[in-house]
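Trainee: Could you work out the structure for the sequence below:
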Amino acid sequence: MGGSRAAGERLPGTWFRGRWLPWLLLAPQLLVIAVFFLWPTLRALRDAFYQGDAFGLSEEFVGLRHFAHTLGSAEYGHALLLTLAYALLTSALSLAGGFALAVAVEGLRSGRTLFRTLFLWPYALAPAISAALWVFLFRPQVGLGAGLLEHAGVHWNPALQAGQAQALVLATTVWQLLAYNFLFYGAALQSLPPSLLEAAALDGARGWRRVRDVIWPLLAPTTLFLVVTDLSFVLFDTFGLIDVLTQGGPDHATETLVYKLYEDAFRNFDQGAAAVQSLLLMLLVTGLGVLQLRLQRRRVPA
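Mentor: Next comes the predicted model:
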């Protein structure tokens with residue numbers, strides 16, 4: 001009963017007899033991480049400290065020159081401020097809209113499945129496809145949305161008007177993130193304890209007061225998760241969306257960090273600056289993830 005188990009005896013619930021079988025099962029995923037994450041990261045780290053010649057035949061160690069050039073660039077500062085404003089505004093609008101839609105749908109007595117399906121469609125589309133739909137809708141002189149704006153007295157031409165281009169990118173991003181946030185808020189609302197809602201109703205918390213004082217605080221962990229997810233989406237996954245809608249224009253008005261990285265790497269062929277920008281972007285997203293974990297740990301009782 002209290003004696004030690006014999007060597008090689010399998011513990012209850014243990015499925016793997018060999019030591020190497022778990023590593024063998026993990027090998028495909030580890031290979032993907034090594035090829036598509038570790039190797040590009042190491043390559044970018046090297047390129048950030050070296051300068052190659054035009055033919056790629058020789059390299060010279062330049063220290064922090066690429067970092068100083070990138071961080072001191074007015075164009076990079078503009079892209080950074082634009083990205084931060086774009087990310088914060090997009091996240092705020094999509095979170096508020098997703099929460100409002102989820103609460104409204106959960107309050108329906110019939111038709112929930114239909115509305116959930118309709119609101120989830122944008123989530124199933126890739127960013128580039130979503131952008132293509134909005135391009136057709138708001139193409140000057142031929143798009144339905146552009147026609148409605150012209151009829152309302154707005155001279156619509158996002159290819160020339162910076163504010164209109166920014167509004168188009170913002171609206172498209174919010175439209176897609178709205179579906180994602182609606183999905184998670186809907187699932188979180190369904191998991192709330194009915195006893196708490198019934199107790200709140202008995203205490204007189206109804207309508208907007210119940211949403212503000214009871215439901216919203218209970219959904220704080222979901223909101224925290226969605227904030228980090230939305231910010232990461234804006235920082236990384238909006239390249240295809242911006243490339244289809246505006247290609248960073250007009251006059252760099254929609255050139256975010258990820259699109260500027262693409263411009264420097266594949267159009268300007270400045271590999272050193274692109275490597276620095278990729279490392280800074282990775283550090284920014286990693287910082288968001290670490291912040292999320294720290295805040296979640298503080299909210300979980302010991």
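Trainee: Check which helices and strands the helix or strand hosting residue 186 is in contact with.
Mentor: Assigned by DSSP states H and E, residue 186 falls within helix 162-190. Packing partners of helix 162-190 (3 or more Cβ pairs under 8 Å, 6 or more residues apart in numbering; DSSP states H and E): helix 74-106, helix 112-120, helix 127-137, helix 220-236, helix 239-245. C-beta here means a position set from N, CA and C on the backbone, and glycine is covered the same way.
Trainee: shaky segments in the stretch 51-200 of the chain?
Mentor: By pLDDT under 70, the low-scoring segments of the stretch 51-200 of the chain are 54-56, 200.
Trainee: before we move on, back to that, save the helices and strands packed on helix 162-190 as JSON lines, and put in mean neighbour count and distance to residue 283 too.
Mentor: Listed next are the helices and strands packed on helix 162-190 as JSON lines, based on neighbours: other Cβ atoms under 10 Å; distance: least, Cβ to Cβ, whole Å:
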{"stretch": "helix 74-106", "mean neighbour count": "18", "distance to residue 283": "13"}
{"stretch": "helix 112-120", "mean neighbour count": "13", "distance to residue 283": "33"}
{"stretch": "helix 127-137", "mean neighbour count": "17", "distance to residue 283": "23"}
{"stretch": "helix 220-236", "mean neighbour count": "18", "distance to residue 283": "11"}
{"stretch": "helix 239-245", "mean neighbour count": "21", "distance to residue 283": "18"}
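Trainee: Can I get the ones you listed in TSV including distance to residue 273?
Mentor: Converted to TSV, the helices and strands packed on helix 162-190 look like this (distance: least, Cβ to Cβ, whole Å):
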stretch	distance to residue 273
helix 74-106	8
helix 112-120	39
helix 127-137	25
helix 220-236	18
helix 239-245	17
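Trainee: before we move on, the earlier item: show me how far the helix holding residue 186 is from its chain's centre.
Mentor: Centre-to-centre, helix 162-190 and its host chain are 11 Å apart (Cα atoms, centre = their mean, to the nearest Å).
Trainee: which parts of it are buried?
Mentor: Under the neighbour-count criterion of 16 or more other Cβ atoms under 10 Å, helix 162-190 has 164-166, 168-186, 188-189 buried.
Trainee: how far off helix 127-137 does it point, in degrees?
Mentor: Computed with axes from the mean of the first three to the mean of the last three Cα atoms, to 10 degrees, the direction of helix 162-190 lies at 120 degrees from that of helix 127-137.
Trainee: Nearest to residue 265, out of the helices and strands packed on helix 162-190?
Mentor: Residue 265 lies closest, by Cβ to Cβ, to one member of those: helix 239-245, at 11.6 Å.
Trainee: avg pLDDT for the helix or strand following the closest one?
Mentor: Downstream of helix 239-245, the next assigned helix or strand under DSSP H and E is helix 257-266. The average pLDDT within helix 257-266 is 92.
Trainee: which ones are touching residue 108?
Mentor: Residues near residue 108 by Cβ atoms under 8 Å, 6 or more residues apart in numbering: residue 115.
Trainee: returning to what we had before: ok, which of the helices and strands packed on helix 162-190 comes nearest residue 297?
Mentor: Of the helices and strands packed on helix 162-190, nearest to residue 297 by Cβ to Cβ is helix 220-236, at 11.4 Å.
Trainee: what's that closest one packed up against?
Mentor: Here helix 220-236 touches helix 74-106, helix 162-190, helix 257-266, helix 271-299, going by 3+ Cβ pairs under 8 Å, 6+ apart.
Trainee: what's the closest of the ones you listed to residue 24?
Mentor: Judged by Cβ to Cβ, the one of the helices and strands packed on helix 220-236 that comes nearest to residue 24 is helix 271-299, at 28.8 Å.
Trainee: Taking helix 257-266 as reference, get the angle to that closest one.
Mentor: Here helix 271-299 runs at an angle of 150 degrees relative to helix 257-266 (the same axes, to 10 degrees).
Trainee: sorry, back to before: closest one to residue 37 among the helices and strands packed on helix 162-190?
Mentor: Between residue 37 and the helices and strands packed on helix 162-190, the shortest gap by Cβ to Cβ is with helix 220-236, which sits at 12.7 Å.
Trainee: Hey, what's the angle from that closest one to helix 162-190? Just curious.
Mentor: Using the same axes, to 10 degrees: helix 220-236 against helix 162-190 is 150 degrees.
Trainee: Now do the contacts for the residue most central in space within the chain.
Mentor: Closest residue to the average C-alpha location of the chain: residue 233 at 1.3 Å, with Cα atoms, centre = their mean. Neighbouring residues of residue 233 by Cβ under 8 Å, 6+ apart: 177, 180.
Trainee: And it, what's its pLDDT?
Mentor: Listed pLDDT for residue 233 reads 90.
Trainee: Likewise for residue 22?
Mentor: Residue 22 carries a pLDDT value of 83.
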